[in-house]
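> here is a sequence together with a model predicted from it:
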Amino acid sequence: MSVFDVQRYRADFPNLKISVHGKPLVYLDNAATTLKPRCVIDAMNAYYVTGVANVHRGVHYLSEQATAAFEYSRQVVRQFLHARKVQEIIFTKGSTDSLNLIAQSYAKHFLTKGDEILISYMEHHSNIVPWQMICQEIGCVLKVVPINQQGEIIFEEYLKLLSSKTKLVSMVWVSNSLGTINPIKKIIEAAHAKGAVVVVDAAQAVSHTPIDVQFLDCDFLVFSGHKIFGPTGVGVLYGKENLLEAMPPYQGGGDMIKSVTFAKTTYNVLPYKFEAGTPPIAEVIGLRSALEYIQTVGWEPMKLYKQELLAYGTKKLLSIGGVRIIGNAHEKSSILSFVVEGVHPHDLGTLVDQDGVAIRTGHHCTQPVMEFFGIPATARASLAFYNTMEELDILAQALTKAQKVFKN
């Protein structure tokens with residue numbers, strides 16, 4: 001067993017001190033959004049209290065300070081992802097916004113009728129719908145890599161689907177509804193061998209593993225700030241410089257221009273070409289603080305501890321009669337999706353909430369996954385490094401109590 005001082009880190013998260021229905025909060029909904037450490041809250045608060053100003057436009061002191069903080073945050077993100085240049089880091093509203101930007105600025109302009117886009121069966125809706133829209137608009141063909149009963153991509157089928165017609169592969173690294181960790185490096189290498197551009201959805205992966213985009217050699221990668229202990233409303237699109245340079249802007253407005261006349265507009269340089277309007281300044285500053293914080297915790301001890309939580313939680317759930325875990329990949333992150341015989345997941349979520357336990361219920365924006373397993377929804381307990389074995393005990397007790405309610 002690893003030595004991980006979970007209580008030390010729990011003290012950094014104010015939300016863990018609250019009560020729900022008179023019970024201590026047991027927050028097990030981290031795949032939906034993570035809690036925020038005090039340092040993130042303080043960083044955003046400091047901007048609003050002492051440094052509010054717009055960026056890139058003003059010559060006064062506050063604007064220059066805000067711009068410096070904003071652009072330093074971009075440098076922190078570059079280092080976090082091991083990108084070559086800050087020009088390759090675009091701030092967006094989140095993973096969904098980033099994927100739509102790629103669809104509208106890259107796929108729409110560089111793919112043609114008959115080209116194939118390849119995704120997997122376990123994708124989040126935000127990595128399905130934008131590609132469907134592109135296919136409808138320009139006549140591309142969407143192909144889907146199947147999964148097995150463990151919730152793993154069938155890699156041999158992926159290789160079969162790849163062809164000279166495959167122009168874009170967009171794949172999730174870590175499934176939000178199954179916890180599956182996909183072999184993303186192998187996926188990228190195989191796609192590149194066919195000449196395809198690769199998009200990596202790292203929305204869930206970003207809080208589970210260090211990311212090196214140069215090692216992965218992905219063409220694009222996206223993530224959301226709120227999935228890695230940062231604010232909502234901010235995300236990142238990483239793209240290789242040559243691809244971003246060739247792409248037209250997704251949106252028009254202030255800051256993404258060099259000059260505007262009624263006859264012609266000249267676009268700004270990277271990364272500003274893709275950042276129209278006033279950006280989420282406080283959120284970008286908060287994201288920087290979150291990325292700095294997570295690295296002080298340390299990837300390896302955090303990963304080992306979460307694997308222990310996953311193993312303990314799996315054993316605990318399976319000890320309860322009538323519980324079935326959905327998603328049993330060999331390589332899996334700390335996500336436990338499950339169904340309880342005779343109890344609808346929504347009812348389950350409502351009942352365990354009475355014991356202060358916050359879990360997610362529903363299709364988790366992965367309706368094709370639910371269809372594959374023949375279920376309408378699951379309950380999902382998703383774990384972060386501030387969760388404890390004792391909280392999993394409370395979850396198990398709450399589930400047992402819920403079963404008794406329905407039996408009666």
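Thanks, I have the structure now.
> thought Y267 was touching K273?
Yes: contact criterion C-beta atoms under 8 Å: Y267 and K273 qualify, at 5.0 Å. C-betas here are computed from N, CA, C, even on glycine.
> more crowded one of the two?
Each of Y267 and K273 has its neighbours counted (other C-beta atoms under 10 Å); K273 has more, 22 against 15.
> show the contacting residues for the more buried one.
244, 249, 256, 267 (C-beta atoms under 8 Å, 6 or more residues apart in numbering).
> of those, which is the most crowded?
Ranking these using other C-beta under 10 Å puts L244 first, with 22 neighbours.
> check contacts around that residue.
87-88, 90, 270-271, 273-274.
> that one sits in which helix or strand?
helix 241-246 (DSSP states H and E).
> buried residues in that helix?
243-244 (16 or more other C-beta atoms under 10 Å).
> avg pLDDT for it?
Averaged across helix 241-246, the pLDDT comes to 98.
> do stretch 360-369 as well
For stretch 360-369, the mean confidence score works out to 95.
> repeat that for stretch 89-100.
Regarding stretch 89-100, the rounded mean pLDDT is 98.
> now it - C-alpha only, CSV.
Extracted as CSV, the C-alpha positions of stretch 89-100 are listed here (Å, rounded to 0.1, in the frame of the first residue of the first chain):
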residue,chain,number,x,y,z
ILE,A,89,-1.9,26.8,-26.8
ILE,A,90,-5.3,28.2,-27.5
PHE,A,91,-7.7,29.1,-24.6
THR,A,92,-11.3,28.0,-25.2
LYS,A,93,-14.4,27.5,-23.1
GLY,A,94,-13.7,23.8,-22.6
SER,A,95,-13.2,20.5,-24.4
THR,A,96,-16.5,20.8,-26.3
ASP,A,97,-15.6,24.3,-27.6
SER,A,98,-12.1,23.0,-28.5
LEU,A,99,-13.5,20.0,-30.5
ASN,A,100,-16.0,22.3,-32.3
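> centre of the chain versus it, how much separation?
Here stretch 89-100 shows a centroid-to-chain-centroid distance of 11 Å under the convention C-alpha atoms, centre = their mean, to the nearest Å.
> ok, and what's touching that stretch?
74, 77-78, 81, 83, 101, 126-127, 130, 170, 199, 201-203, 220, 222-227, 232-239, 244, 250, 271, 274-275, 279-280, 284.
> between Y267 and K273, what contacts are shared?
249, 256.
> show me this protein divided up by domain.
6-30+299-407, 41-295 (automatic domain parsing).
> re earlier: from the contact counts, what lies against the helix or strand that comes right after the helix holding L244?
Moving toward the C-terminus from helix 241-246, the next helix or strand (DSSP H and E) is strand 257-260. Applying 3 or more C-beta pairs under 8 Å, 6 or more residues apart in numbering; DSSP states H and E, one finds that strand 257-260 contacts strand 265-267.
> any idea of the mean pLDDT in the strand it packs on?
Rounded mean pLDDT across strand 265-267 is 86.
> now whichever helix or strand comes after it: how far from the chain's centre is it?
Sequence-wise, the next helix or strand downstream of strand 265-267 (DSSP H and E) is helix 281-297. Between the centre of helix 281-297 and the centre of its host chain there is 15 Å, according to C-alpha atoms, centre = their mean.
> just the CA atoms of helix 281-297, as PDB, please.
Extracted in PDB, the C-alpha atoms of helix 281-297 (Å, rounded to 0.1, in the frame of the first residue of the first chain):
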ATOM      1  CA  ILE A 281      -9.300  36.000 -17.700                       C
ATOM      2  CA  ALA A 282      -9.900  35.000 -14.100                       C
ATOM      3  CA  GLU A 283     -10.600  31.500 -15.200                       C
ATOM      4  CA  VAL A 284      -7.300  31.200 -17.100                       C
ATOM      5  CA  ILE A 285      -5.500  32.500 -14.000                       C
ATOM      6  CA  GLY A 286      -7.300  30.000 -11.900                       C
ATOM      7  CA  LEU A 287      -6.400  27.200 -14.400                       C
ATOM      8  CA  ARG A 288      -2.800  28.100 -14.000                       C
ATOM      9  CA  SER A 289      -3.000  27.800 -10.300                       C
ATOM     10  CA  ALA A 290      -4.700  24.400 -10.600                       C
ATOM     11  CA  LEU A 291      -2.000  23.000 -12.900                       C
ATOM     12  CA  GLU A 292       0.700  24.300 -10.600                       C
ATOM     13  CA  TYR A 293      -1.100  22.700  -7.600                       C
ATOM     14  CA  ILE A 294      -1.600  19.300  -9.100                       C
ATOM     15  CA  GLN A 295       2.100  19.000  -9.800                       C
ATOM     16  CA  THR A 296       2.900  19.700  -6.200                       C
ATOM     17  CA  VAL A 297       0.800  16.700  -5.300                       C
END
